[in-house]
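Asks: Here is the input, now give the coordinates:
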Amino acid sequence: MAYGPCGMQFREAFSCFVFSEADPKGIDCVEKFKAMQECFRQHPEVYGDEIMRDDEDQELPPSSDAPLPSAKTAEIPTVAASPSPEADTPTNAEKS
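Replies: Predicted coordinates for the structure are as follows:
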């Protein structure tokens, strides 16, 4: 993708994202990505697969109406799960 009719737009968008210090990362690159997508649409003979994937992604309904937990509200387990007592018991094949 870095070479071809939209190579310049791709490189600009990609570089912007890589070097972005915005929070969330890349939010300051939206216009560059829109320009890249528009270029892709102008060259369907080259980027037809990319256009179809982008369109499919936009059509997918959200998997749930529930909001995603944020880092502040997400539950973090404080105790690691311990293996079951059977995990240390040798099987019949191991006993032989």
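Asks: As a check, name the ranges of all strands in the protein.
Replies: Counting by DSSP state E, no segments of the chain form strands.
Asks: Test my guess that Ala35 contacts Ala13.
Replies: Yes - with contact defined as CB atoms under 8 Å, Ala35 reaches Ala13; the gap is 7.3 Å. No exception for glycine: its C-beta is placed from N, CA and C like everyone else's.
Asks: Out of the two, name the residue with the larger neighbour count.
Replies: Ranked by neighbour count (other CB atoms under 10 Å), Ala35 and Ala13 place Ala13 first, with 23 against 16.
Asks: what's that one in contact with, if anything?
Replies: For Ala13, the contacting residues are 29, 32-33, 35-36, by CB atoms under 8 Å, 6 or more residues apart in numbering.
Asks: Looking at those, which is nearest Met52?
Replies: Each of the contacts of Ala13 was checked against Met52 using CB to CB; the closest is Met36, at 15.6 Å.
Asks: okay, now the closest residue to that closest one other than its chain neighbours: neighbour count?
Replies: In this structure, Met36 finds its nearest non-sequential neighbour in Gln9, 4.1 Å apart by CB to CB, 6 or more residues apart in numbering. When neighbours are defined as other CB under 10 Å, Gln9 has 19 of them.
Asks: Might one say that Gln9 is in contact with His43?
Replies: No - counting by CB under 8 Å, Gln9 stays clear of His43, with 10.5 Å between them.
Asks: so where do the helices sit in the chain?
Replies: 7-19, 30-42, 44-59, 92-95 (DSSP state H).
Asks: Just the buried residues of the first one, please?
Replies: So that's helix 7-19. For helix 7-19, a neighbour-count test (16 or more other CB atoms under 10 Å) marks 9-10, 12-14, 16-17 as buried.
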